[in-house]
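S.K.: Provided below are the primary sequence and the corresponding predicted coordinates.
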Amino acid sequence: MTFNPLEQRGIPLDRQLRNWRELNVKPIDPDRCDPYTRCRIITMNGIEVEAILFSHNLARNTVDPDIKRQLARTRYIEAQQQKVVNWLLPGVSSVLETTIAYEQVAVDLTSWVARMEPDPYLQQAYQFGVLEDFDHLYRYANLYEMIEHRKAEAIVDGLTEVMPGRPTKFHHRDAFDNVRDPYEKDGTDPLSKLHALTILSAEQQTMNFYMNTGPTYMEPIARRLYQEIGLIEEEHVTHYESLVDPGETWWEQLVTHEYNECYLYHSFMEQESDPKVKAVWELHLNMELEHLHTACDLMRRIDGKDPAEILAPELPNVLTFEPNKQYLRELLATQMDLTTLGAGYVREAHERFEKMQEQIHGGDEPPSERVMAEHDAMFGREYRVQSEGEHPDPAMREK
């Protein structure tokens, strides 16, 4: 069934404010929930955080007090949505368990987007990034067994494999080589805009999460691993945000943000297995429909453009959380040795890359390598989940 948000009306804005009782949602049970329910929650939290931060930045660049007030009104509702979504996560889960779920989001969300992306250059950007998130999942899973003596397979539940990706120590690149070429706003597929904003938002939330939770650990190896991967997440945000055309006006961006929220809430409502969580997605979709119309009105009034000129005439096929094991194995077999050079990709280490590696590692092994050495000393093996057989790259197989 086709669904065009521009033709649908939701809950009027003046009826969207919720009281404390309505905001007090019951969290999911981490031992019984569908792992992809948790992934959808983490994704939508990142989407709502991006919406709030974008609205704040837009307000800081707007002189009209009436527009500031309109943005503030919608933004407060977005803030309530973010609290509801993020508070669906259970307090009984450790930071590291939530971290592993964050990386499962990065792996399966980015893989799905890469598979569906119509633009080859953008697709390559997602393929490149996902192999790094895949390796982060592997490093955190080994840390999890070390300090909590539990196995990540209970979190990923066989949906996502755990084994080496592009080694984390090679993710540290000169900042010059983290900037990609942007899509062209008037020529790109509207789906590509949604993909770019979705992955940017998810990576940004991961960056923020690691920035704030990393130093809460007492174990030195955990503190150091979060510090290293947190720096790489900043690189990833640079990588993905540079894909967005900087020529898009503030109002075009606002409309795209709101349309993307409609797209994702609709997608997740369609596939959600938990009835209580599904009800949240449905409620928030009906709120976002009205936010979209408010943004469209601002775009018409200030930019003098019809939002239909930049948006898809109907929502794309639902964004789906599903296993991507074979797709990832194809990338592991063919793209492990890539790095970036300018806005492109190469297989050979180059001068800027080698200089960055020398400067940041300083002749020592980084935390991502030390965690593996400490895990091996403790257990005499690595922690992996390889449900589909041996690693596709012979060099990465367990010895």
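M.R.: Great, that's in hand. Numbers count the residues shown, from 1 in each chain.
S.K.: show me where pLDDT drops low in this structure?
M.R.: For the chain, applying pLDDT under 70 flags the ranges 1.
S.K.: where do the helices sit along it?
M.R.: Using DSSP state H, the helices found in the chain span residues 20-23, 35-60, 65-86, 95-116, 120-148, 153-156, 190-213, 220-241, 250-271, 275-302, 325-334, 351-361, 367-379.
S.K.: can you list the ones you listed in CSV and add mean neighbour count?
M.R.: Every C-beta, even on glycine, is put in place using the N, C-alpha and C of the backbone. Listed next are the helices of the chain as CSV, based on neighbours: other Cβ atoms under 10 Å:
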stretch, mean neighbour count
helix 20-23, 9
helix 35-60, 22
helix 65-86, 17
helix 95-116, 23
helix 120-148, 22
helix 153-156, 20
helix 190-213, 22
helix 220-241, 20
helix 250-271, 23
helix 275-302, 20
helix 325-334, 17
helix 351-361, 13
helix 367-379, 17
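S.K.: in a markdown table, list the ones you listed along with distance to Asp29.
M.R.: Shown next, in a markdown table, are those (distance: least, Cβ to Cβ, whole Å):
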| stretch | distance to Asp29 |
| --- | --- |
| helix 20-23 | 20 |
| helix 35-60 | 10 |
| helix 65-86 | 17 |
| helix 95-116 | 13 |
| helix 120-148 | 19 |
| helix 153-156 | 13 |
| helix 190-213 | 22 |
| helix 220-241 | 26 |
| helix 250-271 | 18 |
| helix 275-302 | 11 |
| helix 325-334 | 26 |
| helix 351-361 | 41 |
| helix 367-379 | 29 |
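S.K.: just the C-alphas of stretch 390-398, formatted as PDB.
M.R.: Extracted in PDB, the C-alpha atoms of stretch 390-398 (Å, rounded to 0.1, in the frame of the first residue of the first chain):
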ATOM      1  CA  GLU A 390      34.900 -19.600   8.500                       C
ATOM      2  CA  HIS A 391      35.900 -16.000   7.900                       C
ATOM      3  CA  PRO A 392      35.800 -15.100   4.200                       C
ATOM      4  CA  ASP A 393      39.300 -13.600   4.300                       C
ATOM      5  CA  PRO A 394      41.800 -16.500   5.000                       C
ATOM      6  CA  ALA A 395      44.100 -14.000   6.800                       C
ATOM      7  CA  MET A 396      41.400 -13.300   9.400                       C
ATOM      8  CA  ARG A 397      40.700 -16.900  10.300                       C
ATOM      9  CA  GLU A 398      41.400 -18.100  13.800                       C
END
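S.K.: what does it rub up against?
M.R.: The contact list for stretch 390-398, computed with Cβ atoms under 8 Å, 6 or more residues apart in numbering, reads Met163, Pro164, Arg329, Glu330, Leu332, Ala333, Met336, Arg381, Glu382, Arg384.
S.K.: check which residues of that stretch are buried.
M.R.: Going by neighbour count (16 or more other Cβ atoms under 10 Å), the buried part of stretch 390-398 is His391, Pro392, Asp393, Met396.
S.K.: ok, now stretch 302-322?
M.R.: Within stretch 302-322, the residues scored as buried using 16+ other Cβ under 10 Å are Asp303, Pro307, Ile310, Leu311, Ala312, Leu315, Pro316, Leu319, Phe321.
S.K.: quick one: the closest residue to the second one other than its chain neighbours from Tyr259, how far?
M.R.: The shortest distance from Pro307 to any residue that is not its chain neighbour, by Cβ to Cβ, 6 or more residues apart in numbering, is 4.3 Å, and that residue is Cys296. When Cβ to Cβ, to the nearest Å is applied, the distance between Cys296 and Tyr259 equals 9 Å.
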